[in-house]
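Visitor: Sequence unavailable; structure follows:
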């Protein structure tokens, strides 16, 4: 009997392609590639497969989330600025029907008022924020925990 490999899709929204250069006092000096290497190392240890996608375009993110229904088991998403504005991304998360973790580098509750609103928070299983790039690893670990059936009472959607 072979073990099923979990496939986790990481989706990053606008401006994360310039991470490390954009407002390092808020987002840090690490690049998205740096974070992806750390996530990939954690995935190797966990025996999971990870795929990464980043776009500055809302429609491309929606298209990728819709496709995830067929090629992923779980999602880690940083919608970035679309967190606060995109009903389309929220609806795509609902459509794909996969457990998803929301991740943010900064602590949204300590940011501008408009950043305190997340249009996806009620359709994801949880949120990790304010820990910088390591939050991606924690979100990965949480999705793996859920996929392995260790849901407890926390996973209800």
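Guide: Okay, I see it. Quick caveat: nothing in here was measured; it's all calculated off a predicted structure.
Visitor: tally of neighbours for the nearest residue in space to residue 133 that is not next to it in sequence?
Guide: Leaving aside its sequence neighbours, residue 133 sits nearest to residue 35 (C-beta to C-beta, 6 or more residues apart in numbering; 4.0 Å). Heads up, the C-betas are built off the backbone N, CA and C, glycines and all. Using other C-beta atoms under 10 Å, the number of residues around residue 35 comes to 26.
Visitor: got it, and the one 5 residues further on?
Guide: Here the count is done by other C-beta under 10 Å, and residue 40 has 16 residues near it.
Visitor: quick one: it from residue 132, how far?
Guide: Distance of residue 40 to residue 132, computed by C-beta to C-beta, to the nearest Å: 17 Å.
Visitor: what does residue 19 give?
Guide: Residue 19 is 10 Å from residue 132, by C-beta to C-beta.
Visitor: Look at the two and report which has more neighbours.
Guide: Ranked by neighbour count (other C-beta under 10 Å), residue 19 and residue 132 place residue 19 first, with 24 against 15.
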